[in-house]
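Participant: below: sequence and its predicted model.
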Amino acid sequence: MLELINKVTSELTIEEYNYILSELDCCVTETIFPKSIKGLTIKNDYGTGYIVYINSLLSEKMRKKAMKHELLHLYNEDFEKDKNLLIKEKENV
């Protein structure tokens, strides 16, 4: 799984992309954010999965980088751990 997530910034097949999303119980959508916000992940209304929002104003390369960053949060189960997400963001920069 981690190997596939690391391929997000390169070309993925549709099958690989769908596999990642299904394994992490998430969907990805693009929306307009201020340029300072590259991506955002929240739990869905049912608490059964996640919605990953990517800033549509970014270049394709930066959108892929933001998606990879958000997917790594899910893969690492950052939302399930006690550690503050703001501290995790600083560690991942």
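Facilitator: Here it is on my side, so go on.
Participant: show me where the chain has its helices.
Facilitator: 2-6, 14-23, 60-75, 85-92 (DSSP state H).
Participant: so which of these is the most surrounded?
Facilitator: Each of the helices of the chain was assessed for mean neighbour count using mean count of other CB atoms under 10 Å. The highest is helix 60-75, with a mean of 18. For glycine as for every other residue, the C-beta is placed from the backbone atoms N, C-alpha and C.
Participant: that helix - what's its average pLDDT?
Facilitator: For helix 60-75, the mean per-residue pLDDT is 89.
Participant: which outside residues touch that helix?
Facilitator: 1-2, 5-6, 8-9, 20, 24, 26, 28, 30, 38-41, 50, 52, 54-56, 58, 79, 85, 88, 92 (CB atoms under 8 Å, 6 or more residues apart in numbering).
Participant: try it again at 7 Å.
Facilitator: 1-2, 5, 8-9, 20, 24, 26, 28, 38-39, 41, 50, 52, 54-55, 58, 79, 92 (CB atoms under 7 Å, 6 or more residues apart in numbering).
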